[in-house]
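Visitor: sequence and predicted structure below; questions after.
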Amino acid sequence: MTTTAATTTTTTSGARPAPPLAPAGLRGVVVTETRLGDVLGQEGSYHYRGYSGVELARTRDVEDGWFLLHRGHLPSADEHAGFAAEVRGARALGPAVLAALPGIAAAGAAAAPLTGLRTALSLLAAEEGMRPVLDLGPEQRARDALRLCAATPTVLAALHRLRAGLAPVAPRADLGTAANWLWMLAGREADARHVRAVERYLVATLDHGFNASTFTARVVASTGADVAAAVVAALGAFSGPLHGGAPDRALAALDDIGSPDRLDAWVRARVAAGERIMGFGHAVYRTADPRAVLLRETAQELGGDLVDFATAVERRVVEVLAELKPGRELHANVEFYAGVVMELCGLERVLFTPTFAVSRVVGWCANVLEQAGEGRVVRPAARYAGPPPRPVPPRG
């Protein structure tokens, strides 16, 4: 992975030429090639290995998207059945992790399950003896990745129930990923419409370019570390509210607005204060976020007052932002309608970001597997901006 930047080289007094300085946040810097997918910000689309992420979400299940990202092509019916069986067989947790979960849940009683997931996956890797990807062949790397992806929803659901004073619910071998996630959370089969809505969300969010958490996973994978180490690092990046931690905050904005008559004043006050409006704007898209469009459609299929209010808020926020920030394209992003859909499907808000993690871990692991084949550690440079070299003075 080689970082490039189209900036000029400068020098500091008496020093060797400094490396080129990349744009803030590495915006627009191409760091590698990938066969996994792409985000086309100007066109307002994205794909997994050439297939539209939105169309896959409309027509396929999680296992299809997972197979595509990890194994390179969409599965046949027989391949799908075999892969689904592999996933089902990798969901259950080992005795060490099961024994530790109550303590992890109690220690993080004030935090979301995502916090405990980092600890649990580290323990799972230790219990199963996961080794550095540098020392493994492609087949064992893939097995480790599948295990982590399959176990993640089991861990998250167990931690959520333990925090609520409930016993964990074991995964079921007859349910797909989305239905099983909802089953383990509630201990009962979910409404078929809710399963399909959550499945659309999961498929639509499996992967999305070189976002902060994905890039973090690849940096760790480039060192040759084990797959779990890369996933845990990605979770750390993902936990930030400017990344994966936004769906519940976007829905909280609807609560704060309360009613349509308060909308204009609310938006104008936030813009005047220089505050970010959660659920709007995206680092890449300059048109509507296609995932938001899909989830708006999904929410409207479910229906209800919340959907009507959300669509009215979206429309008016875009209008006011266009007035106050002319020349900038600011639209609803995936988090805005993700929160609405999950609320309609009965998920507690503390579970919004963990649900995002259930899908995104698949993309992280696909990137880890791809990065493991490169064999070069990511080692960018930083431009020093402190005082020049100087002698150490005597003490006193």
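Guide: Thanks, I have the structure now.

Visitor: residues of the strand or helix carrying residue 64 that come out buried?
Guide: Element membership for residue 64 (DSSP states H and E) is helix 62-71. Going by neighbour count (16 or more other C-beta atoms under 10 Å), the buried part of helix 62-71 is 62, 63, 64, 65, 66, 67, 68, 69, 70. C-beta coordinates here come from the backbone N, C-alpha and C atoms, glycine included.

Visitor: ditto for stretch 164-183
Guide: Going by 16+ other C-beta under 10 Å, stretch 164-183 has these buried residues: 168, 169, 171, 175, 176, 177, 178, 179, 180, 181, 182, 183.

Visitor: next one: stretch 49-63
Guide: 49, 51, 53, 54, 56, 57, 60, 61, 62, 63.

Visitor: quick revisit: only C-alpha atoms, please: export the helix holding residue 64 in PDB.
Guide: C-alpha atoms of helix 62-71 as PDB (Å, rounded to 0.1, in the frame of the first residue of the first chain):
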ATOM      1  CA  VAL A  62     -26.700 -11.100   3.700                       C
ATOM      2  CA  GLU A  63     -25.100 -14.400   2.900                       C
ATOM      3  CA  ASP A  64     -25.000 -13.600  -0.900                       C
ATOM      4  CA  GLY A  65     -23.300 -10.200  -0.300                       C
ATOM      5  CA  TRP A  66     -20.900 -11.800   2.300                       C
ATOM      6  CA  PHE A  67     -20.000 -14.600  -0.200                       C
ATOM      7  CA  LEU A  68     -19.400 -12.100  -3.000                       C
ATOM      8  CA  LEU A  69     -17.000 -10.000  -0.900                       C
ATOM      9  CA  HIS A  70     -15.100 -12.800   0.600                       C
ATOM     10  CA  ARG A  71     -15.000 -15.300  -2.200                       C
END
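
Visitor: counting by contacts, list what whatever helix or strand comes next after it packs against.
Guide: Note on helix 62-71: by DSSP H and E, the next helix or strand toward the C-terminus is helix 77-89. For helix 77-89, the elements it packs on are helix 62-71, helix 138-163, judged by 3 or more C-beta pairs under 8 Å, 6 or more residues apart in numbering; DSSP states H and E.

Visitor: tell me how far helix 77-89 lies from the chain's centre.
Guide: 24 Å (C-alpha atoms, centre = their mean, to the nearest Å).

Visitor: same check on stretch 285-297?
Guide: With C-alpha atoms, centre = their mean, you get 16 Å for stretch 285-297.

Visitor: residues contacting it, please?
Guide: 39, 41-46, 53-54, 57-58, 200-201, 204-205, 282, 311, 314, 329, 331-334, 336-338, 340-341 (C-beta atoms under 8 Å, 6 or more residues apart in numbering).

Visitor: what do you get if the cut-off is 7 Å, keeping everything else the same?
Guide: Residues from elsewhere that reach stretch 285-297 (C-beta atoms under 7 Å, 6 or more residues apart in numbering): 41-42, 44-46, 54, 57, 200-201, 204-205, 282, 311, 329, 331-334, 336-338, 341.

Visitor: likewise stretch 318-326?
Guide: Outside stretch 318-326, the residues that reach it (C-beta under 7 Å, 6+ apart) are 264, 267, 268, 271, 280, 330, 331.

Visitor: who are the packing partners of the strand or helix carrying the second one?
Guide: Pointing back at residue 267 there. Using DSSP H and E, residue 267 sits within helix 263-272. Secondary-structure packing of helix 263-272 (3 or more C-beta pairs under 7 Å, 6 or more residues apart in numbering; DSSP states H and E): helix 247-257, helix 305-324.

Visitor: quick check: angle from that helix to helix 247-257?
Guide: Relative orientation of helix 263-272 and helix 247-257, computed by axes from the mean of the first three to the mean of the last three C-alpha atoms, to 10 degrees: 120 degrees.

Visitor: what comes up buried for whichever helix or strand comes after helix 263-272?
Guide: Per DSSP H and E, the first helix or strand lying C-terminal to helix 263-272 is helix 290-302. Across helix 290-302, burial judged by 16+ other C-beta under 10 Å covers 290, 291, 292, 293, 294, 295, 296, 298, 299, 302.

Visitor: measure the third one to residue 311 for me?
Guide: Yep, that's residue 292 we're talking about. 11 Å (C-beta to C-beta, to the nearest Å).

Visitor: quick revisit: next, format the buried residues of helix 62-71 as CSV and append distance to residue 31.
Guide: Below are the buried residues of helix 62-71 laid out as CSV (distance: C-beta to C-beta, whole Å):
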residue, distance to residue 31
62, 28
63, 30
64, 29
65, 24
66, 25
67, 26
68, 23
69, 19
70, 22
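
Visitor: next, the contact list for residue 243, please.
Guide: 211, 212, 213, 237.

Visitor: report the buried members of the residues you listed.
Guide: If we count by 16+ other C-beta under 10 Å, the contacts of residue 243 have these buried: 211, 212, 213, 237.

Visitor: helix, strand or coil for the third one?
Guide: Three-state assignment for residue 213 (DSSP: H, G, I helix; E, B strand; the rest coil): helix.

Visitor: do the same with the last one
Guide: For residue 237, the secondary structure call by three-state DSSP comes out as helix.

Visitor: do I have it right that it meets residue 216?
Guide: Yes - the pair residue 237 / residue 216 is scored as a contact, 4.3 Å apart, by C-beta atoms under 7 Å.

Visitor: check which helix or strand the residue nearest in space to the middle of the chain maps to.
Guide: In the chain, the centroid-proximal residue (C-alpha atoms, centre = their mean) is residue 360; its distance is 4.3 Å. For residue 360, the host element (DSSP H and E) is helix 352-372.

Visitor: before we move on, the earlier item: residue 193: which of the helices and strands packed on helix 77-89 is closest?
Guide: helix 62-71 (16.7 Å; C-beta to C-beta).

Visitor: using the three-state scheme, assign the residue lying closest to residue 88 once chain neighbours are set aside.
Guide: Spatially, and ignoring its direct neighbours in sequence, residue 88 is nearest to residue 173 (4.6 Å; C-beta to C-beta, 6 or more residues apart in numbering). For residue 173, the secondary structure call by three-state DSSP comes out as coil.
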